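Enquirer: Model the structure of this input:
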Amino acid sequence: MAWSVMSNPAWEGQGVSTNATTNIVSYNSRVKVSKGEVAIFVMWYEKIDVMSDNLDYWVSRSETKPIVQNNRDLIPVEVEMHRMLGESNIVPKLRSSTRNSNTRAEANNQSRVEEGHDKEWGTRWRMNDELRNIALALCGL
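Expert: Down below sits the predicted model:
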């Protein structure tokens, strides 16, 4: 699997949030972020055919919305994927407006996040073999 950072409406449009409190922060009761650790809002991509040697990916079919992950659970590798099929999809920018109420702005931001996944649905990406080998080496595989 691969992932990309998304803008999170709850973090003022940022894709990462550092836990500056002295408590452990929980997200969806699955992800725990301790003091000083980083939460990352990610969209998952999965290999299209897990039995194939082709390193072709598309946006996750099971995780259809971006989710919060702990930085301990992810291996940060700068990934350069090559678009094989579909149009370019820019990560939606999330902004609040002083003209809108906070509730309305949050609803608009959530809608943009969902649109980002929907636009990415038909796009296929390819990872090169060297990058995959680097990622696997970082996992100890």
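
Enquirer: how about residue 9, phi and psi?
Expert: When read as degrees, to the nearest 10, the backbone of residue 9 gives phi -60, psi -30.

Enquirer: Please report the distance of it from residue 73.
Expert: Per C-beta to C-beta, to the nearest Å, residue 9 is found 22 Å from residue 73. The way it works is simple: take the backbone N, C-alpha and C, and place the C-beta from them, glycine included.

Enquirer: And residue 17, by the same measure?
Expert: Between residue 17 and residue 73 the computed distance is 15 Å (C-beta to C-beta).

Enquirer: Looking at these two now, which is surrounded by more residues?
Expert: Between residue 17 and residue 73, counted using other C-beta atoms under 10 Å, residue 17 has the larger neighbour count: 19 against 8.

Enquirer: Double-check that one against residue 31; I have them as touching.
Expert: No. With contact defined as C-beta atoms under 8 Å, residue 17 does not count as touching residue 31 (11.6 Å).

Enquirer: Worst mean pLDDT across the helices and strands of this protein, which element?
Expert: Of all the helices and strands that make up the chain, helix 102-120 has the lowest average by mean pLDDT, DSSP states H and E, namely a mean of 60.

Enquirer: and residue 14, what pLDDT?
Expert: The predicted structure scores residue 14 at 92 on the pLDDT scale.
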